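# Sharing a model prediction with you, sequence too.
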Amino acid sequence: MKIKIHELASEEFDEAIEWYELESKGLGKRFKQSVIEQIRKIKKNPTWYLFEAENIHKAYVPKFPFKILYTIENNDTIVIWAIAHMHRRPRYWKSRIN
């Protein structure tokens, strides 16, 4: 499986890393590692995770209030649409998909 990350998802990931690092030295690095590890798990078994909406899977990021929202395209590509904070702007990412 290939992984593609939407440009805005990549930006919000970078912003969250930076924010956590400003909050506490090393916390941004731990957040980044947690997200990357969760993406590895998604890649190994993409259909295992629950659905957030029609055809959109969600995988929670351990120890952080974030979830990874993705679709499976053509049975060979995982598209990550958002790395979303779970307590802010629900469903803001939906406009990225269409």
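Nice, I can see it. Residues are numbered from 1 along each chain as shown.

# now the farthest one out in this protein, which residue is it?
Taking Cα atoms, centre = their mean, the residue of the chain most remote from its mean C-alpha position is Lys25, at 22.2 Å.

# How is that one assigned, secondary-structure-wise?
coil (DSSP: H, G, I helix; E, B strand; the rest coil).

# Also Arg91?
coil.

# Run through the bridge partners of the one residue sitting closest to the centre of the chain.
The chain has Ile68 as the residue nearest its centroid, 2.5 Å off, counting by Cα atoms, centre = their mean. Assessed by DSSP bridges, Ile68 has beta-bridge partners Ala59, Ile83.

# That one against Ala59, yeah?
Yes. When contacts are counted by Cβ atoms under 8 Å, Ile68 is listed as touching Ala59 (4.6 Å). From N, CA and C alone the C-beta is placed, and that goes for glycine too.

# Quick check: neighbours shared by those two?
Counting by Cβ atoms under 8 Å, 6 or more residues apart in numbering, the contacts common to Ile68 and Ala59 are Gln38, Ile42.

# tell me the helices in this protein, going along the chain?
7-23, 27-44, 94-97 (DSSP state H).

# could those go into TSV alongside mean neighbour count, distance to Glu54 and mean pLDDT?
Output for the helices of the chain, formatted as TSV (neighbours: other Cβ atoms under 10 Å; distance: least, Cβ to Cβ, whole Å; pLDDT from 0 to 100):
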stretch	mean neighbour count	distance to Glu54	mean pLDDT
helix 7-23	15	19	97
helix 27-44	15	18	98
helix 94-97	13	10	82
